[in-house]
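In: show me how the following folds:
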Amino acid sequence: MNKNIKILLAVFAVLIAVYFLFFRSGEKVSTEKIDAKLFVADSSKIDKIEIVKNSESITFEKQNNQWKITKPISYNADTSAVYAMLKDLKNFMLESVASENPAKFSGYLDSVNNAKVTTYQEGKLLGTFILGKAQANDNTYIQKPDENRILLASKLTAGNFTKQLKDYRDKSIISVSTFGLNKITFKSTDSNNVDFTAAKDSLNLWKVDGDSVSTSVMDGFLRMFENLKSEDFKDTTMTTFPTPTYTLTLSGPSQTTVINLYKENSEPPAFITQVSGVNQLFRFYAGMAGQIMKKKSDLIPPKPVK
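Out: Numbering: from 1, shown residues only. Next up is the predicted model:
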């Protein structure tokens, strides 16, 4: 008898806890499966995406079949970043109602990355939602601006819509046909005193002052310039330039590309990068800049000890 009473008391205690947790708090618990779309998107027909986060706005527009950032700057967009958003906009589903209690909304919304996403398709407004906190397995809480409830969405990666502006920009700088190069000059004005030239000989082998260059090192070095990408951007206009810290000149019968690096007084250490024929200035940090600013000893394999 005493055992049965204890069980009943335990069940009663659980019911009381549930009552105070959900009903006295004003929270309505929904087990309703929505299993619906917020809007029906065709990723090939979406032509504009606006993201407003913390009063900062980024607008993407599809122009002549190419995605561009049109606000706050005009620049080519990173294709992979845009396609990730398009995939989510097409596929995400509304799974359930997470909350209908405004007092609880702060637990679902993200005060840091509360991005408002507005999508247009064929020039017409498709829909708008506010991103909430990200959950496991590409689930994310969202809110429609005109609804007083929080929804759980699946197949929606919040991070695709909350990047920094620089991470949405196309970081491509140049694409050099390295097969046609026959001479590379390396020169620095810092304490390293780099000043040498690598050139191909009659056998198409790279040499520096008669010494053979490591084939694997040179191949890896040149491969970088087949699709050189920036780490960051410098949008401040510079009308005059100081003497470069390092200058790399890639030469061939039909092309010459000059890359100048200027050391910034910054933390972390960085180099403003200027490339011939490109108006935009870029920024490389120490690690990436170090891959460009070679010394002779980086290219010449050590001679065997006799």
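
In: helices of the stretch 201-306 of the chain, start to end?
Out: 215-223, 286-292, 296-299 (DSSP state H, counting those that start in this stretch).

In: ok, which of these comes nearest Leu109?
Out: Closest to Leu109 of the helices of the stretch 201-306 of the chain, according to Cβ to Cβ: helix 286-292, at 36.8 Å. For glycine as for every other residue, the C-beta is placed from the backbone atoms N, C-alpha and C.

In: identify the bridge partners of the closest residue to Thr273 other than its chain neighbours.
Out: Of all residues not flanking Thr273 in the chain, Phe282 sits nearest, at 4.3 Å (Cβ to Cβ, 6 or more residues apart in numbering). Counting by DSSP bridges, Phe282 is bridged to Phe233, Thr273.

In: surely Phe282 meets Asp235?
Out: No - between Phe282 and Asp235 there is no contact under Cβ atoms under 8 Å: 10.2 Å.

In: more neighbours: which of these two?
Out: Phe282 (21 against 9; other Cβ atoms under 10 Å).

In: how much space between the more buried one and Pro242?
Out: 17 Å (Cβ to Cβ, to the nearest Å).

In: and what of Asn76?
Out: Distance from Asn76 to Pro242, by Cβ to Cβ: 29 Å.

In: show me the contacts for the closest residue to Trp206 other than its chain neighbours.
Out: Leaving out its chain neighbours, the residue that sits closest to Trp206 by Cβ to Cβ, 6+ apart is Val213, at 3.9 Å. The contact partners of Val213, taken as Cβ atoms under 8 Å, 6 or more residues apart in numbering, are Ala198, Leu205, Trp206, Lys207, Leu299, Ile300.

In: who does Gln143 bridge with?
Out: Ile130.

In: and the residue positioned nearest the centre of the chain, which of the three is it?
Out: Most central in the chain under Cα atoms, centre = their mean is Asp167, positioned 3.3 Å from the mean C-alpha point. Following DSSP: H, G, I helix; E, B strand; the rest coil, Asp167 is assigned to helix.

In: ok, for it, nearest residue in space, not its chain neighbours?
Out: Nearest one to Asp167, counting by Cβ to Cβ, 6+ apart, is Ala81 at 6.6 Å.

In: any idea how far Ser276 is from the one you found?
Out: Distance from Ala81 to Ser276, by Cβ to Cβ: 27 Å.

In: out of those two, which sits in the more crowded spot?
Out: Counted by other Cβ under 10 Å, Ala81 and Ser276 do not tie: Ala81 has more neighbours, with 18 against 12.
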